[in-house]
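*Asks:* turn this into a structure:
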Amino acid sequence: MSDAGGKRPIIIIRRPVMAAAHHGGAWKIAFADFMTAMFAFFLVMWLLSTSSPKQLAGIAEQFKMPLAVAVSGGKKSSTSTSVIPGGGADPTSRIDGEVSKSDEESANDPNDGRRLDDLKKRLDDMIESSPVLKQFRPQLLIDITPEGLRIQIVDSSNRPMFDRSSAVVASYMRTILRELGPVLNEQPSKLTLSGHTDSTAYTQGDKSYSNWELSADRANASRRELLAGGMQDTKVLRVVGVSSSVHLNKDDPYAPVNRRISIVVLNRRAQADIENANAVPSDAAALKQVSVRPDGGKQTAVPPTALKPGSRI
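*Replies:* Now for the predicted structure:
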């Protein structure tokens, strides 16, 4: 419809205004958590970069401590020398029988392990590249043990290392040992040699000579061949014969592989243990022995070195 003047009416449509949908604020919480974590991370990195080695050791010790002990303060909380309260004794000092940090480092020296690994690789490469040694590869066993790098030269039914029931070194065994001598001489640590036999009873010669003496003589003969190859005598720390007490093939005590020479290039810890076990106390620390005069007079305390054969003690 239109009015009398012919103009169309103006129609105004009013629609209700709707508020925008709410999208939530969870992302704000996640972003805040992320920023907090990053702040904590950079704070930790800054603290580590400005801490001394002693403080870092104390922090590491704190993380090793059980939670209950940490919360309670530890039994040595009031007397602790650690940089972390309640952490017990200082891990870098020797208190109450604790092992010092330097001892632990020397016992678990990563460079020591890498050195032996490199030596093993060098020996393997030398055997593979040497026409002389490669033919004896099945009789050369090289592995890493808790004491160090072990080189075992084992017997075979067709190629014995020594003349039967003797310590006379066979020609091929002499070749192997003299090839190993210069390589072992370059190592900073010392070595041990062990002689092994199978369970066959030694029946030749004097009854007082057994597999124990035979294994020791063979180990010592091997030592002489290493020296002939260029190794210094000071490299040898111990030469022992163990008879048939340690079999390589436990299922067959008479197997040829049980007859062998074992050379161990010692790691630092094993060498220190053997040297400490072999250490002889000084005269000042040695126990005094008592000598009784032949005339029955008063006893006189004298050091062991002062005693002569035939002295009564």
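*Asks:* show me where the protein has helices.
*Replies:* Assigned by DSSP state H, the chain shows helices spanning 26-50, 53-64, 67-72, 101-107, 110-129, 131-134, 171-185, 211-228, 268-278.
*Asks:* gap between residue 170 and residue 263?
*Replies:* For residue 170, the distance to residue 263 equals 17 Å [C-beta to C-beta, to the nearest Å]. For glycine as for every other residue, the C-beta is placed from the backbone atoms N, C-alpha and C.
*Asks:* and for residue 37?
*Replies:* Distance, residue 37 to residue 263, by C-beta to C-beta: 55 Å.
*Asks:* what about these two, which has more around it?
*Replies:* Set side by side, residue 37 and residue 263 show more neighbours around residue 263, with 23 against 10, by other C-beta atoms under 10 Å.
*Asks:* find me the pLDDT at that one, would you?
*Replies:* Residue 263 carries a pLDDT score of 95 in this model.
*Asks:* please begin residue numbering at 9 from this point
*Replies:* Noted, 9 is the first residue going forward, which turns the last one into residue 271.
*Asks:* so it sits against residue 195, correct?
*Replies:* No: contact status for residue 271 versus residue 195: not in contact, 11.2 Å apart, counting by C-beta atoms under 8 Å.
*Asks:* domains in this structure, by residue range?
*Replies:* 118-285, 295-321 (automatic domain parsing).
*Asks:* surely residue 239 touches residue 198?
*Replies:* No: applying C-beta under 8 Å, one finds residue 239 not in contact with residue 198, separated by 10.7 Å.
*Asks:* and these two? which has more neighbours close in?
*Replies:* Set residue 239 next to residue 198 and count neighbours by other C-beta under 10 Å: residue 239 wins out with 23 against 20.
*Asks:* ok so, going back, out of the domains of the chain, deepest packed?
*Replies:* Ranked by mean neighbour count under mean count of other C-beta atoms under 10 Å, the domains of the chain are led by domain 118-285, which reaches a mean of 16.
*Asks:* once you drop chain neighbours, what's closest to residue 175?
*Replies:* residue 225 (3.8 Å; C-beta to C-beta, 6 or more residues apart in numbering).
*Asks:* how about that neighbour, what does it touch?
*Replies:* With contacts taken as C-beta atoms under 8 Å, 6 or more residues apart in numbering, residue 225 has the following neighbours: 175, 203, 249.
*Asks:* related to what we said a few turns ago, and the helices of the chain as JSON lines, adding distance to residue 166?
*Replies:* Putting those into JSON lines (distance: least, C-beta to C-beta, whole Å) gives the following:
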{"stretch": "helix 34-58", "distance to residue 166": "62"}
{"stretch": "helix 61-72", "distance to residue 166": "56"}
{"stretch": "helix 75-80", "distance to residue 166": "63"}
{"stretch": "helix 109-115", "distance to residue 166": "43"}
{"stretch": "helix 118-137", "distance to residue 166": "19"}
{"stretch": "helix 139-142", "distance to residue 166": "17"}
{"stretch": "helix 179-193", "distance to residue 166": "11"}
{"stretch": "helix 219-236", "distance to residue 166": "19"}
{"stretch": "helix 276-286", "distance to residue 166": "34"}
